[in-house]
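Undergrad: sequence and predicted structure, then a few things I'm wondering about:
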Amino acid sequence: QVQLVESGGGLVQAGGSLRLSCAASGRALSKHALGWFRQAPGKEREFVAAVNWLFGDTRYADSVKGRSTISRDKARNTMYLQMNSLKPEDTAVYYCSAVAVGGSHTPAAAAEYNYWGQGTQVTVSS
């Protein structure tokens, strides 16, 4: 079992920045991928970014590429998502997720992830 707790959400003006954190506990993460997904009201959950815990491979959704950076702190068992140049369309509940993977696999499909946090609200005002 992997437990995930997100933090760092809040209200920010367009053009501002936020750093989301995801603290993981439970099983060792050495062979896991961790991801960020978001869900806006009335919309489906969508992929934001993911990182392979062991190899460090990353991938991003086109909508956040160039504006966001995903990283992990192995010592703290914590994943981060630094988001810059935020837009009103970034408003959503952001979820942290995890899945055991082989090699450097870094999935972007929500269906592949089996551990989820409770989410943290990000609201970007125009």
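TA: Nice, thanks for sending it over.

Undergrad: which pLDDT value goes with R27?
TA: Predicted confidence (pLDDT) for R27: 82.

Undergrad: ok, F37 next?
TA: For F37, pLDDT reads 98.

Undergrad: and it, helix, strand or coil?
TA: With DSSP: H, G, I helix; E, B strand; the rest coil as the basis, the three-state label of F37 is strand.

Undergrad: please work out how many residues are found near it.
TA: 25 (other CB atoms under 10 Å). Quick note: C-beta positions are derived from backbone N, CA and C, even for glycine.

Undergrad: then the one 3 residues further on?
TA: For A40, the neighbour count with other CB under 10 Å is 14.

Undergrad: hmm, it is touching Y94, no?
TA: No - at 10.3 Å, A40 does not count as touching Y94 under the criterion of CB atoms under 8 Å.

Undergrad: for the protein, which segments count as strands?
TA: 2-7, 10-13, 18-26, 32-39, 46-52, 58-60, 68-73, 78-83, 92-100, 115-116, 120-125 (DSSP state E).

Undergrad: what's the fifth one packed up against?
TA: So that's strand 46-52. strand 32-39, strand 58-60, strand 68-73, strand 78-83 (3 or more CB pairs under 8 Å, 6 or more residues apart in numbering; DSSP states H and E).

Undergrad: against V48, how distant is the residue nearest the centre of the chain?
TA: Closest residue to the average C-alpha location of the chain: W36 at 2.1 Å, with CA atoms, centre = their mean. Distance, W36 to V48, by CB to CB, to the nearest Å: 4 Å.

Undergrad: what residues are shared contacts of those two?
TA: Shared contacts of W36 and V48, defined by CB atoms under 8 Å, 6 or more residues apart in numbering, comprise L81, Y94.

Undergrad: just checking, the residue nearest to the centre of the chain touches Y94?
TA: Yes - applying CB under 8 Å as the test, W36 and Y94 come out as touching, 6.0 Å apart.

Undergrad: overlap in contacts, the two.
TA: L20, V48, L81.

Undergrad: enumerate every residue touching the closest residue to the last one other than its chain neighbours.
TA: When the adjacent residues along the chain are set aside, L81 lies closest to L20, with 4.3 Å between them (CB to CB, 6 or more residues apart in numbering). With contact set as CB under 8 Å, 6+ apart, L20 has these partners: E6, S7, G8, G9, W36, Y80, L81, M83, Y94, C96, T120, V122.
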